[in-house]
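>>> Here's a sequence, model it:
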Amino acid sequence: MVNRDEIKKTITKNIVKYRKKAGISQKELAKRLNVLPSRISNWEQGSNCPTTEILFELCKILGVTINDIYGIYPESEMILSYDEQEYIKKYRFISEYSREGAQAVAVILDKEYSIANQLREQKEYIIELENLSQEEHQRNTKTRLINYYYRLASAGTGQIIFDSPPTKRIEIPDIPKYEHVDYAIGVNGVSMEPTYKDNDTLLIEMTDEVDKGEIGIFSVDNNCYVKKRGNKELISLNSDSPNIPLNESARCMGRVIDKLNEIK
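Below is the predicted model of the structure:
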């Protein structure tokens, strides 16, 4: 059974609480509600309660929901938005003064609810099909193994070139795009950000020459770099990092085809 006295005490307490929290005086609140200041005082002392219509307006001024004032459903999905509060207020007004209007609203609500439910089911069905399609694609995508060298292409100050066996073998998709990929190598440094970041895994086509403007793996003075080929230097994409001058020791070790962000 509803305890009206307890509800009244809760409303009284929360009006005071949220008014003070909003930094609004009783006099200012009364002015904005177009009521006498004494009415605000009476509400906060518990002498009487505001009407439902005034409560909704009060909520809007204080920046709270009707649930906050009644002290129910805190941090719950059941908290009403301002628009929902307005809809309820209007529906109650229609119900009080127009029985036929309330029936019309109910008919429209039932119709639109049915339509929305069908749209929801269609959306869920489409998502399910997309998930199944992705899973099927993953099952049907062939892979192949390539050698992976751990963090030896330096996107920074340089890294001693690899002369040891590969760190491991990794799987890559066996697709036309990766047809010429011969090995993978890890990035060490930030000079090629934002395109290539520290710990990225690069897929490399083994070649001893790349065109100007292409990004490749280069050896200069026995250090290994991932850089963009320039005229007389290797170019860093990160403006905070220096370029590497080319000299007689420079040689190309491969062309960057793509990157994998995660090793499988």
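>>> any idea which helix or strand carries residue 207?
For residue 207, there is no enclosing helix or strand under DSSP states H and E.
>>> got it, and the one 10 residues further on?
Using DSSP H and E, residue 217 sits in strand 215-220.
>>> Check which helices and strands that strand is in contact with.
strand 223-229, strand 251-260 (3 or more Cβ pairs under 8 Å, 6 or more residues apart in numbering; DSSP states H and E). All C-beta atoms are positioned from the backbone trio N, CA, C, and that covers glycine.
>>> out of those strands, nearest to residue 130?
With Cβ to Cβ as the measure, strand 251-260 is the member of the helices and strands packed on strand 215-220 nearest residue 130 (23.2 Å).
>>> And the contacts of the closest one?
Contact with strand 251-260 is made by 161, 170, 172, 177-178, 180-184, 196, 200-210, 214-219, 224, 226, 229, as judged by Cβ atoms under 8 Å, 6 or more residues apart in numbering.
>>> List the buried residues in it.
252, 253, 254, 255, 256, 257, 260 (16 or more other Cβ atoms under 10 Å).
>>> What is the nearest of the residues you listed to residue 12?
residue 260 (62.9 Å).
>>> And that closest one, what's its pLDDT?
For residue 260, the model assigns a pLDDT of 81.
>>> For the one helix or strand residue 108 maps to, which helices and strands make contact with it?
Using DSSP H and E, residue 108 sits in helix 99-140. If contacts are counted by 3+ Cβ pairs under 8 Å, 6+ apart, helix 99-140 sits against helix 82-97.
>>> Tell me what angle the helix it packs on forms with helix 99-140.
Angle between the axes of helix 82-97 and helix 99-140 is 150 degrees (criterion: axes from the mean of the first three to the mean of the last three Cα atoms, to 10 degrees).
>>> Which residues does helix 82-97 contact?
Contact with helix 82-97 is made by 52, 53, 56, 59, 60, 65, 66, 80, 101, 102, 105, as judged by Cβ under 8 Å, 6+ apart.
>>> That'll do, ta.
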